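# 3D, please:
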Amino acid sequence: MTLTYPPLKSGSLLAGRHPAAGEQKAMVLLEKNGQKVIYKTFAAGEIMPTHHASVDVLVAVLAGRLIITQEDVPTEVTAGDYVIIPNGAPHSLHCLEAARILIYR
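Below is the predicted model:
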């Protein structure tokens, strides 16, 4: 049998049945047509300084607790939460507990 598509990729972001992604700081899971899905980990106390993106950004929290601040307005997020940061909006991140997030941009 000849495969038409590349083989299925799988892995665990939270120590499931598939090979674990491990303690990656950042790992691009998918990049296509200029868009990316990025897996990131943070240790408690880590900070991502204020920055901005040229596209809307979706952040989904898989584990942990963080404060994401957009234009000086902090929002606390925990596992299961998500935020959508508008194109160009200045934002930063402060990790309160070790965290794992997915970023789509």
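# just checking, residue 30 touches residue 39?
No. In this structure, residue 30 is not within contact of residue 39 by Cβ atoms under 8 Å, at 10.0 Å. C-betas here are computed from N, CA, C, even on glycine.
# more neighbours, those two?
Higher neighbour count among residue 30 and residue 39: residue 39, with 19 against 11, using other Cβ atoms under 10 Å.
# return the list of helices and strands in contact with the helix or strand of the chain at the bottom of the mean pLDDT ranking.
Least confident helix or strand, the chain: strand 26-32 with a mean of 91, by mean pLDDT, DSSP states H and E. If you count contacts as 3 or more Cβ pairs under 8 Å, 6 or more residues apart in numbering; DSSP states H and E, strand 26-32 packs onto strand 35-42.
# quick check: buried residues in the strand it packs on?
The neighbour-count check on strand 35-42 (16 or more other Cβ atoms under 10 Å) flags 37, 38, 39, 40, 41, 42 as buried.
# same deal with stretch 97-105?
99, 100, 101, 102, 103, 104, 105.
# what segments of the chain are strands?
26-32, 35-42, 47-51, 57-70, 73-78, 82-85, 91-104 (DSSP state E).
# the ones you listed: which one's closest to residue 9?
strand 26-32 (8.2 Å; Cβ to Cβ).
# would you mark the buried spots in that closest one?
Buried, per 16+ other Cβ under 10 Å, within strand 26-32: nothing.
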